[in-house]
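> Could you look at this predicted model? Sequence included:
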Amino acid sequence: MNLPRYEVRASTDRLNYMFVSEGPKGRILKVISYSYLEDLEVWNLGFGDYNILTDEIDDQIVSNNGDGRKILTTVAFTLNEFFATQPSAVVFFTGSTSRRTKVYGRAISSYWKDISDQFLVEGVNSYGVSEPFQQDKLYAGFQIRQR
């Protein structure tokens, strides 16, 4: 996939990435963070606007900066960077709302050929049960690993 994306700055451990969204609402600092969930033995992909005052990621805010596709492409790019240092990792992600989770599922479906060549993707239902990703099926979350 060679789609437009933002340039990212990675932490030295490649667990955190920052970039600036640019659009009609101005320049918005975004953060992508990978954190290990020991009990589940998966890495959680967290994403949102960076609040400089609280030093936290806000995954509830709706920026509406007109660059959603470019942002998702940027997040997907960091998966490659992350897997370069954690090749056997399983990454879990979901939206902060069901609407966002649907957007993520549609994005995976839209680029399924490219994604499935490189990654194994599973859909996770609301009970936490995973299955091989099926296009156009609704999921509560997603798990991804390298092929």
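Right, received. Where do you want to start? Numbers count the residues shown, from 1 in each chain.
> element containing F92, please.
strand 91-93 (DSSP states H and E).
> ok, and what's touching whichever helix or strand comes after that strand?
Next helix or strand after strand 91-93 toward the C-terminus (DSSP H and E): helix 98-110. Identification of contacts with helix 98-110 by CB atoms under 8 Å, 6 or more residues apart in numbering yields 68-69, 72, 93-95, 115, 121, 123, 133, 135-142. In short, each C-beta sits where N, CA and C put it, glycine included.
> Show me what the lowest-mean-pLDDT helix or strand in the chain packs onto, helices and strands only.
The helix or strand of the chain with the lowest confidence, counting by mean pLDDT, DSSP states H and E, is strand 56-58 at a mean of 90. Packing partners of strand 56-58 (3 or more CB pairs under 8 Å, 6 or more residues apart in numbering; DSSP states H and E): strand 42-51.
> how about the strands of the protein, start to end?
Taking DSSP state E to define them, one finds strands in the chain at 9-10, 16-23, 26-37, 42-51, 56-58, 91-93, 119-124, 130-132, 141-146.
> Y111 is nearest to which of those?
strand 119-124 (10.6 Å; CB to CB).
> Please put the alpha-carbon coordinates of that closest one into CSV.
C-alpha atoms of strand 119-124 as CSV (Å, rounded to 0.1, in the frame of the first residue of the first chain):
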residue,chain,number,x,y,z
PHE,A,119,-0.8,-9.7,7.9
LEU,A,120,-3.1,-12.3,9.5
VAL,A,121,-6.2,-10.4,10.7
GLU,A,122,-8.8,-11.7,13.1
GLY,A,123,-12.1,-10.1,14.0
VAL,A,124,-13.0,-10.3,17.7
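> V103 - how many residues pack around it?
By other CB atoms under 10 Å, 14 other residues sit near V103.
> swap in L29?
12.
> what do you get for R14?
R14 has 15 nearby residues by other CB under 10 Å.
> Stretch 94-101: end-to-end distance?
6 Å (CA to CA, to the nearest Å).
> Could you give the average pLDDT over it?
Averaging pLDDT along stretch 94-101 yields 94.
> Return the distance of that stretch from the chain's centre.
11 Å (CA atoms, centre = their mean, to the nearest Å).
> most distant residue from the middle of the protein?
L53 (23.7 Å; CA atoms, centre = their mean).
> What are the neighbouring residues in contact with the most centrally placed residue in the chain?
For the chain, the residue sitting closest to the mean C-alpha position, by CA atoms, centre = their mean, is V75 at 4.9 Å. By CB under 8 Å, 6+ apart, the residues touching V75 are I32, L45, F47.
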